[in-house]
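J.: Have a look at this prediction, sequence included:
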Amino acid sequence: MDVASAKLIGAGLAAIALAGAGIGIGLIFGNYLAGALRNPAAAPAQFGNLLLGFALAEATGLFGLVVSFIILFVF
Amino acid sequence: MAAPEHGGGLAIDPMHQFRIERLIPLNIGGYDVSFTNASLFMLIAVALITLFTTAAMSKRALVPGRLQSMAELSYEFVANMLRQNTGQAGMVFFPFVFSLFMFVLFLNMLGMVPYSFTVTSHIIVTFALASFIFIGVTIIGFAKHGIGFLKFFVPSGVPLVLLPLLVVIEVISYLTRPISLSVRLFANMLAGHTMLKVFAGFVIALGLAAGWLPLLFMVALTGLELLVAFLQAYVFAILTCIYLNDALHMHH
């Protein structure tokens, strides 16, 4: 296998990290919705926490994407 | 970032938008301190924020107009965020958190304007911001609690056997704060703008026949990117508030 194709495969593998981000974001919004339907009065106060959790979950996946970009464009 | 050698079959280079260009080359004492497009857009952001806040509050009407409402909303938004997270003790840092939030928000939003430059998509900018926050918060912690701030790294109610391991973990997690804070903002901006350009490449490659399909998708993505631009500024500011709270009150 030459280096160029190994680079592309590696970049693709690194992007798998985004699957975890997808699961995490889905869990956060799903649980928020479940909680909000049970107790709608308490929902607006937790909206900030929802966005914070969303951003934190998304960031971990994006770390993988950055690794993928580094493999593709820096090396 | 270096240009890709292979191109990947795309009609456009999605990384070209992140290229830093020297507008006014400057070299002082062997250091390259050129005025670049990044510096230009930071200046534009600062000018816009100053213009927005001064123009909005110049009339000081009792019943606010549209512009004044926007300024008051952003003030109250940041003030509430800071008060909820740090209590009254943190309100002295309001000017810092407000300017930080507005700076990141305006840089992210400026990046959404076509043909503009996204300053926050460069790790060096976000890492500089994050390390200033990290160093400042650590200094505040030591200034407020003295050497007792080190107790922050010792979790309470833990068996003595586990303590050495947990202290190491706590110290490492504290030290990675500037990295995670900066990489979060930078990665979101980089990924979002790259994705937009990749889909723009699809529109060009597919032409008139099927190009409208990725174009529709791009409209939706642009909406999502506007949301992310605001959200990342919010997260950057709220994490600063949480770190400030740790330094001021020290409870876990």
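T.: That came through, no problem.
J.: surely residue B:231 meets residue A:51?
T.: Yes: taking C-beta atoms under 8 Å as the definition, residue B:231 is a contact partner of residue A:51 at 5.8 Å. Glycine gets a C-beta too; all of them are placed from N, C-alpha and C.
J.: Find the nearest non-adjacent residue to the most centrally placed residue in chain A, please.
T.: Residue closest to the mean C-alpha point of chain A, counted by C-alpha atoms, centre = their mean, is residue A:21 at 2.4 Å. Leaving aside its chain neighbours, residue A:21 sits nearest to residue A:61 (2.3 Å; criterion: C-beta to C-beta, 6 or more residues apart in numbering or on different chains).
J.: longest helix anywhere in the chain?
T.: Using chain A. When chain A is parsed with DSSP state H, its longest helix is helix A:47-73.
J.: sorry, should have said chain B
T.: Longest helix in chain B, counting residues (DSSP H): helix B:212-249.
J.: I'd like the average pLDDT over that one.
T.: For helix B:212-249, the per-residue pLDDT values average out at 91.
J.: Pull out the buried positions in it.
T.: B:214, B:218, B:221, B:225, B:228-229, B:231-241, B:243-248 (16 or more other C-beta atoms under 10 Å in any protein chain shown).
J.: if we look at chain A, which of these are close to it?
T.: Intersecting the buried residues of helix B:212-249 with the contacts of chain A gives B:231, B:232, B:234, B:235, B:238 (criterion: C-beta under 8 Å from any C-beta of the partner chain).
J.: wait, isn't the fourth one in contact with residue B:180?
T.: To tie it back to what came earlier, the one meant is residue B:235. No: between residue B:235 and residue B:180 there is no contact under C-beta under 8 Å: 10.9 Å.
J.: What's the first helix or strand after the helix or strand hosting residue B:43?
T.: In the assignment (DSSP states H and E), residue B:43 maps to helix B:37-57. Once the chain leaves helix B:37-57, the next helix or strand it forms, by DSSP H and E, is helix B:66-86.
J.: what helix or strand does the residue nearest to the centre of chain A sit in?
T.: Residue A:21 belongs to helix A:17-38, assigned by DSSP H and E.
J.: Give me the helices and strands touching that helix, please.
T.: helix A:47-73 (3 or more C-beta pairs under 8 Å, 6 or more residues apart in numbering or on different chains; DSSP states H and E).
J.: now the angle between helix A:17-38 and the helix it packs on, please.
T.: Orientation of helix A:47-73 against helix A:17-38 (axes from the mean of the first three to the mean of the last three C-alpha atoms, to 10 degrees) gives an angle of 170 degrees.
J.: what about stretch A:33-43, start to end distance?
T.: Counting by C-alpha to C-alpha, to the nearest Å, you get 9 Å between the two ends of stretch A:33-43.
J.: Work out the gap between that stretch and the centre of the chain.
T.: 24 Å (C-alpha atoms, centre = their mean, to the nearest Å).
J.: Which residues does it contact?
T.: The contact list for stretch A:33-43 (C-beta atoms under 8 Å, 6 or more residues apart in numbering or on different chains) reads A:32, A:46.
J.: Which positions in it come out as buried?
T.: Neighbour-count burial for stretch A:33-43 flags residue A:36 (criterion: 16+ other C-beta under 10 Å).
J.: Also stretch B:117-133?
T.: B:117-123, B:125-127, B:129-130, B:133.
J.: ok, of the residues you listed, which one's closest to chain A?
T.: residue B:123 (8.7 Å; C-beta to the nearest C-beta).
J.: Nearest residue to the closest one in space, ignoring adjacent ones along the chain?
T.: Residue B:123's closest residue in space is residue B:186 (C-beta to C-beta, 6+ apart), at 4.6 Å.
J.: ok and the helix or strand hosting that neighbour relative to helix B:212-249, angle-wise?
T.: According to DSSP H and E, residue B:186 maps onto helix B:177-210. Counting by the same axes, to 10 degrees, helix B:177-210 points 170 degrees away from the direction of helix B:212-249.
J.: wait, residue A:66 sits on residue B:182?
T.: No: look at residue A:66 against residue B:182 with C-beta under 8 Å: they stay out of range, at 11.2 Å.
J.: If you count surrounding residues, which of those two has more?
T.: The neighbour comparison of residue A:66 against residue B:182 (other C-beta atoms under 10 Å in any protein chain shown) goes to residue B:182, with 23 against 19.
J.: Let me see the contact set for residue A:16.
T.: Counting by C-beta under 8 Å, 6+ apart, residue A:16 has contacts residue A:64.
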